[in-house]
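**Student:** show me the folded form of this:
(one chain, ligands or ions: 2)
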Amino acid sequence: MNISNKAKNIAPSPTLFIDAKAKKMQQEGIDIISFGAGEPDFDTPENIKNAGVKAIKEGKTKYTPVGGIPKLKDAICAKLKKDNNLLYSPSNIVVSCGAKHSLYNVFQCILNPGDEVIIPVPYWVSYPEMVKMADGIPVFADTSEKENFTLTKEKFLSVITPRTKAIVINSPSNPSGMLYSKSQLQALADVAVEKNILIISDEIYEKMIYDNTSHLSVASLGEEIKKITVVVNGLSKSHSMTGWRIGYIACDAKLAEAVTNIQSHSTSNPCSISQFAGVEALEGPQEKSAEMLAAFDKRRKVMVEGLHSLPGIKCSMPQGAFYAFPDISGLLGKLYNSKKITSSDDLAGFFLEAAKVAIVPGSAFGMDNYMRLSYATSMENIEKGISRIKEAIEKLK
Ligand code: PMP
Ligand code: GLU
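**Tutor:** Residues are numbered from 1 along each chain as shown. Ligands and ions are numbered 1, 2, ... in the order given. Model (predicted):
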């Protein structure tokens, strides 16, 4: 079979790959603890499931308008107004099959071959591949833990070229869990407006922010920046609806129309049943999301403090999302059974073999001195996993 050059150039999603591998080992009876994929371990709230069942029973099982049913678009507009102080009308909204699909569509619609997209490092695994799938060029911009893994204005300016089309901002961040402050967002927004660079603002972890800090959408900083920002969000994380596949964008109406056109030839509408459940998710009671957040907060502290106490690992406290992103450079160069661990990939292999713990190596996010552990799993798993990692580290020479 002759696979296209484009497809050959795309790596599989490492987060989904590791999750699938851990699940397969579990099915084979191997006692694996997975800190792999970032997926809330809570069930979808009952009221949302019931809305899905009701939609099936009422025969809402046919094609819908490509970019989403009017009721869902209205609910999204109301949510953006209430939570983010953003005024949009339904013509600015497109609902897709998960935020991943929303992002994919956006890159397809904004990039011409050779256009560049600035991606701060560490980044979520799919951004560079999506840019490449749209014939664009990912341009990586370094950040450091000292600066909370956030992109500075100076660094942003230093990677802009005449081909720069867009920048991706993901706050709270997957994998670092870090947030941009208002002044940091303002500094980046000023540059974007001055240079006319689109901001793709991935706000999927907006509801997962700790210590009474609240989310701020860069689009809410003023009319000028709002015009050139694409807000990306969805229900996967906020309402534990990963399998339902509902994501959306809010943006300029012309771009929304282009995205709808692209979608009309690929997936058509997102699942009709999920859309009706999505209306309930946005309009119904929100207590369950608050309960999830409280549980994640407790786990965050146990995970981060547990990791930080281990030799060779340094872990700062993330402010959002549900990932710990520790520095593992103290473990690189160590020997396991006289084999040297030289990279985060080696370390991930070592933890899987010696600790029966699945983690995602930092290489997947562009930072090889780090690893990512999702704490969207039970406290029992977190405690057991940390103690297994500890025992495994003791075996290193
Ligand atoms: N953006 C980020 C940063 C993510 O971690 C994810 C996780 N899946 C997504 C987008 C996509 O979410 P989904 O497609 O499940 O809505
Ligand atoms: N976003 C989650 C993660 O980073 C789910 C897997 C994926 O879609 O990549 O683990």
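
**Student:** can we go C-alpha only for contacts and neighbour counts from here?
**Tutor:** Fine.

**Student:** quick check: the gap between residue 283 and ligand 2.
**Tutor:** 24 Å (CA to the nearest ligand atom, to the nearest Å).

**Student:** the closest residue to that residue other than its chain neighbours in helix, strand or coil?
**Tutor:** Distance criterion CA to CA, 6 or more residues apart in numbering; nearest residue to residue 283, sequence neighbours excluded, is residue 75 at 6.7 Å. Three-state assignment for residue 75 (DSSP: H, G, I helix; E, B strand; the rest coil): helix.

**Student:** how many residues are close by the residue in the stretch 151-300 of the chain that ligand 2 sits nearest to?
**Tutor:** Nearest residue of the stretch 151-300 of the chain to ligand 2 (CA to the nearest ligand atom) works out as residue 174 at 6.5 Å. Neighbour count of residue 174, defined by other CA atoms under 10 Å: 25.

**Student:** pull the contacting residues for it.
**Tutor:** By CA atoms under 8 Å, 6 or more residues apart in numbering, residue 174 lies in contact with 123-124, 321, 323.

**Student:** ligand 1: which of those is nearest?
**Tutor:** Distances from ligand 1 to these, taken by CA to the nearest ligand atom, are shortest for residue 124, at 5.4 Å.

**Student:** tell me the confidence at that closest one?
**Tutor:** Looking at residue 124, its pLDDT stands at 97.

**Student:** ok, stretch 96-105 near ligand 2 or not?
**Tutor:** No. Applying CA under 6 Å from any ligand atom, one finds stretch 96-105 out of contact with ligand 2, separated by at least 7.1 Å.

**Student:** which residues touch that stretch?
**Tutor:** Here stretch 96-105 makes contact (CA under 8 Å, 6+ apart) with 67-68, 94-95, 126, 130-131, 204, 232-236, 242, 244-249, 259, 262-263, 269-271.

**Student:** now with 7 Å?
**Tutor:** Contacts to stretch 96-105, defined as CA atoms under 7 Å, 6 or more residues apart in numbering, come from residues 67, 130, 232-234, 245-249, 259, 262, 270.

**Student:** same check on stretch 38-52?
**Tutor:** Taking CA under 7 Å, 6+ apart as the rule, stretch 38-52 contacts 237, 239-242, 273-274, 276-277, 280-281, 288, 374, 376-377.

**Student:** ends of it, what's the gap?
**Tutor:** The first residue of stretch 38-52 is 24 Å away from its last residue (CA to CA, to the nearest Å).

**Student:** and that stretch, anywhere near ligand 2?
**Tutor:** Yes. Stretch 38-52 reaches ligand 2 (CA under 6 Å from any ligand atom) through 38-39.

**Student:** what comes up buried for that stretch?
**Tutor:** Going by neighbour count (16 or more other CA atoms under 10 Å), the buried part of stretch 38-52 is 38-40, 44-45, 48-49, 51-52.

**Student:** then stretch 261-274?
**Tutor:** Going by neighbour count (16+ other CA under 10 Å), the buried part of stretch 261-274 is 261-263, 268-274.

**Student:** longest helix of the protein?
**Tutor:** helix 287-308 (DSSP state H).

**Student:** what helices and strands are in contact with that helix?
**Tutor:** Applying 3 or more CA pairs under 7 Å, 6 or more residues apart in numbering; DSSP states H and E, one finds that helix 287-308 contacts helix 379-394.

**Student:** just want the angle from the helix it packs on to helix 287-308.
**Tutor:** Orientation of helix 379-394 against helix 287-308 (axes from the mean of the first three to the mean of the last three CA atoms, to 10 degrees) gives an angle of 20 degrees.

**Student:** tell me what helix 379-394 is packed against?
**Tutor:** helix 287-308.

**Student:** neighbouring strands for whatever helix or strand comes next after the helix it packs on, and are they parallel or not?
**Tutor:** Of the helices and strands lying after helix 287-308 in sequence (DSSP states H and E), the nearest is strand 323-324. Applying DSSP bridges to the sheet, strand 323-324 is found paired with strand 371-374 (antiparallel).

**Student:** how about the residues of this protein near ligand 1?
**Tutor:** So far as CA under 6 Å from any ligand atom goes, the chain lies against ligand 1 at 98-100, 124, 174, 202, 204, 234, 236, 242, 247.

**Student:** filter the residues you listed down to the ones in helices?
**Tutor:** Per DSSP H, the residues of the chain next to ligand 1 map to helices at 99-100.

**Student:** taking the residues of the chain next to ligand 1 one by one, which sit in strands?
**Tutor:** Among the residues of the chain next to ligand 1, the members falling in strands (DSSP state E) are 202, 234, 247.

**Student:** so which residues of the stretch 151-300 of the chain form strands?
**Tutor:** Along the stretch 151-300 of the chain, the segments classed as strands by DSSP state E, counting those that start in this stretch run 164-170, 198-202, 229-234, 247-250.

**Student:** now the strands: where do they sit in the stretch 1-150 of the chain?
**Tutor:** In the stretch 1-150 of the chain, the segments counted as strands under DSSP E, counting those that start in this stretch are 33-34, 93-96, 116-121, 137-142.

**Student:** tabulate these (TSV), appending mean pLDDT and mean neighbour count.
**Tutor:** Below are the strands of the stretch 1-150 of the chain laid out as TSV (pLDDT from 0 to 100; neighbours: other CA atoms under 10 Å):
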stretch	mean pLDDT	mean neighbour count
strand 33-34	94	24
strand 93-96	98	30
strand 116-121	98	25
strand 137-142	98	20
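
**Student:** reformat those strands as TSV; add distance to residue 336.
**Tutor:** What follows is these, written out as TSV (distance: least, CA to CA, whole Å):
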stretch	distance to residue 336
strand 33-34	21
strand 93-96	46
strand 116-121	29
strand 137-142	31
